[in-house]
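**Q** Quick one: sequence and predicted model below, then my questions.
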Amino acid sequence: MANYNGYVNLLASQGSIDLGSSQPFPIPGQSNDEPGVKERRKWTTKEDVILIGAWLNTSKDPIVSNEQKAGAFWRRIVEYYNASPLLVGTIPRELGQCKQRWARINDVVGSPGTLNDINVLDRSPVFDDIYEGRAPRVTYMVNGHQYDLAYYLTDGIYPKWSTFIQSITLPQGPKAELFAKVQEATRKDVERAFGVLQARFAIVKNPALSLDKGKIGNIMRACIILHNMIVENERGGYTLYDTSEFEEGESSRSSHVEHINNMPTHFGNMLGLRNHVRDRRTHQALKNDLIENIWNKFGDNEDV
């Protein structure tokens, strides 16, 4: 457990990594590299630490990273990793190998007993508005099927709930590959947007354990409003585009939001809503529809 906590502390630090000193962190599956590569070799502890450092030092540049897609982001990580002076004389790692190893490191960081998103999910109030009927009623169509819960784009550590849509770690076929590319790029844009807020407002970057949840929510709303005001004020200096070229034409997806106070009448209704949020069948159906919808819209576009 101490070894796992070492990884958690390393990832949580968000600072420059001292690659000269490391402790051994055993990772499950040391001998199973990505299938299909010509040469299979184990990842050493030193390589793991260098990969984590490459990810952290690339990701902590919010302005540059916010302006690139997931593929470009990972190419920078691989270049950073292979350029390490500690790896002189070794065979460079490929992008697919680094991404797969990073997924395995995330699995270890998510082990029981560590403090991360998945461990605090059950205590999180993120779905309270849905359970208690305060959330706006949402209906939308994807690939000809109707859904009534909004969803978050997440990484693979989150459970397969109807409100979470993960990428595909090892996509098979062009449809799955395109979906993974679009999902990761969109999720990365959201993460980088939060990085821009952290770079602009120190109160967002600094620890907030001493603040209650209500005050943290008000702080975030205020920072987002101030950020939008700054963007609006500086917009005259930006390059203006004809937005009509970005407008969607006919699509199999449509959405509608109603602000209706629909408080559950008793505890049984709240349990029903909770089960609906965690429905694995709805999750899989929505994911399949999203894969088809993205392929229908962007399958012929090589720039996506």
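**A** Cool, got the structure. Residues are numbered from 1 along each chain as shown.

**Q** what about residue 142, how many neighbours?
**A** 22 (other CB atoms under 10 Å). Just so you know, the C-beta spots here come from the backbone N, C-alpha and C atoms, and that holds for glycine as well.

**Q** my guess is it contacts residue 285, does it?
**A** No - Residue 142 lies out of contact with residue 285 (CB atoms under 8 Å); the separation is 9.3 Å.

**Q** show me where pLDDT drops low in the stretch 151-300 of the chain?
**A** Regions of the stretch 151-300 of the chain meeting the criterion pLDDT under 70 cover residues 236-268.

**Q** change it to 80
**A** 206-214, 234-271, 300 (pLDDT under 80).

**Q** and the gap between residue 277 and residue 40?
**A** Counting by CB to CB, to the nearest Å, the gap from residue 277 to residue 40 is 41 Å.

**Q** cool, and residue 275?
**A** Residue 275 is 43 Å from residue 40, by CB to CB.

**Q** Then residue 287?
**A** For residue 287, the distance to residue 40 - CB to CB - is 31 Å.

**Q** again, but for residue 164
**A** Distance of residue 164 to residue 40, given as CB to CB: 32 Å.

**Q** Between those two, which has more neighbouring residues?
**A** Shown here are residue 164 and residue 40; by other CB under 10 Å, residue 164 has more neighbours (19 against 12).

**Q** For that one, name its beta-bridge partners.
**A** Judged by DSSP bridges, the bridge partners of residue 164 are residue 152.

**Q** Mind checking what helix or strand follows the top helix by length along the chain in sequence?
**A** Scanning the chain for the helix with the most residues, using DSSP state H, yields helix 174-200. Proceeding N to C from helix 174-200, the next assigned helix or strand is helix 202-205, under DSSP states H and E.

**Q** could you pull out the strands for the stretch 1-150 of the chain?
**A** 137-142, 145-147 (DSSP state E, counting those that start in this stretch).

**Q** Just the element for residue 284, please.
**A** Here residue 284 is assigned to helix 280-298, by DSSP H and E.

**Q** Could you list the domains of the protein?
**A** With automatic domain parsing as the criterion, the domains of the chain are listed as 2-109, 121-298.

**Q** tell me the mean pLDDT over the first one?
**A** pLDDT averaged over domain 2-109 equals 69, rounded to a whole number.

**Q** Count residues in the vicinity of the nearest residue to residue 101 once chain neighbours are set aside, would you?
**A** Closest residue in space to residue 101, ignoring its immediate chain neighbours: residue 43 at 5.7 Å, by CB to CB, 6 or more residues apart in numbering. Here the count is done by other CB under 10 Å, and residue 43 has 21 residues near it.

**Q** Please apply the same query to the one 10 residues further on.
**A** The burial count assigned to residue 53 is 22, neighbours taken as other CB under 10 Å.

**Q** what about it, distance to residue 235?
**A** 37 Å.

**Q** can you list contacts of stretch 210-229?
**A** In this structure, residues lying in contact with stretch 210-229 by CB atoms under 8 Å, 6 or more residues apart in numbering are 125, 196, 197, 200, 201, 203, 204, 208.

**Q** Among those, which one sits closest to residue 77?
**A** residue 196 (19.5 Å; CB to CB).

**Q** still on that earlier bit, quick one: the residue nearest to residue 101 and residue 100 touch, right?
**A** No - judged on CB under 8 Å, residue 43 makes no contact with residue 100 at a distance of 10.0 Å.

**Q** count of residues packed around the residue nearest to residue 125 when sequence neighbours are not counted?
**A** In this structure, residue 125 finds its nearest non-sequential neighbour in residue 213, 6.8 Å apart by CB to CB, 6+ apart. For residue 213, the count of nearby residues is 10 (other CB under 10 Å).

**Q** just residue 182 next, same as before
**A** Count around residue 182 with other CB under 10 Å applied: 21.
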